[in-house]
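[1] Compute the structure for the input listed below.
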Amino acid sequence: MTRLKVPFLYFFLVCLAGFALGIVREFLVTPAVGLTNALLIEIPIMAVVSFFAARFVLDRTPEAKTPGDRLFISCTAFILLLIAAEAMARILRGISIFTLWADFELLAAIANIVGLTLFMLMPLFVGRKQMHGKFG
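    Got it, this is the predicted structure:
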């Protein structure tokens, strides 16, 4: 795979699942249990999705051997995620993603930060484990 296809594929796989899960969260879960509880339910699911997406991508990318390569994948995918989140917030709510996040309760904000961090770092974590033979 070319250097930019890898983070795009990781981003695409996770965001596809996140988009579907986000629809369920917004229309079914949040009205029933509130935003904070809905995020607390969603974050672990998305962490698992991120793990398997990172593993899928890295299994098909033998050239991503060094931590620097995996950090490039992580950071590029994270930037793509922020761009997509900003676009969706503006299209669906007419506000910036940072304005949306600023309205979160503290626990929801922390859960959101943890989820974003896990997404960003998962290729680094998964690649490290694969290099040591624990998952590969």
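
[2] what residues are up against the spatially most central residue of the chain?
    Centroid-nearest residue in the chain: Phe119, 3.6 Å away (criterion: Cα atoms, centre = their mean). With contacts taken as Cβ atoms under 8 Å, 6 or more residues apart in numbering, Phe119 has the following neighbours: 14, 46-47, 50, 77-78, 81. To be clear about C-beta, it is placed using only N, CA and C from the backbone, and glycine gets the same treatment.

[3] And Ala89, by the same measure?
    Residues near Ala89 by Cβ under 8 Å, 6+ apart: 95-97, 99-100.

[4] what about this structure, any weak spots by pLDDT?
    Residues of the chain that meet the criterion pLDDT under 70 lie in 1-2, 128-136.

[5] which residues of it fall in helices?
    Taking DSSP state H as the test, the helices found in the chain are 5-24, 30-33, 35-59, 67-93, 97-102, 106-131.

[6] got the buried residues for the fourth one?
    Judged by neighbour count (16 or more other Cβ atoms under 10 Å), helix 67-93 contains these buried residues: 69-74, 76-78, 80-81, 84-85, 89.
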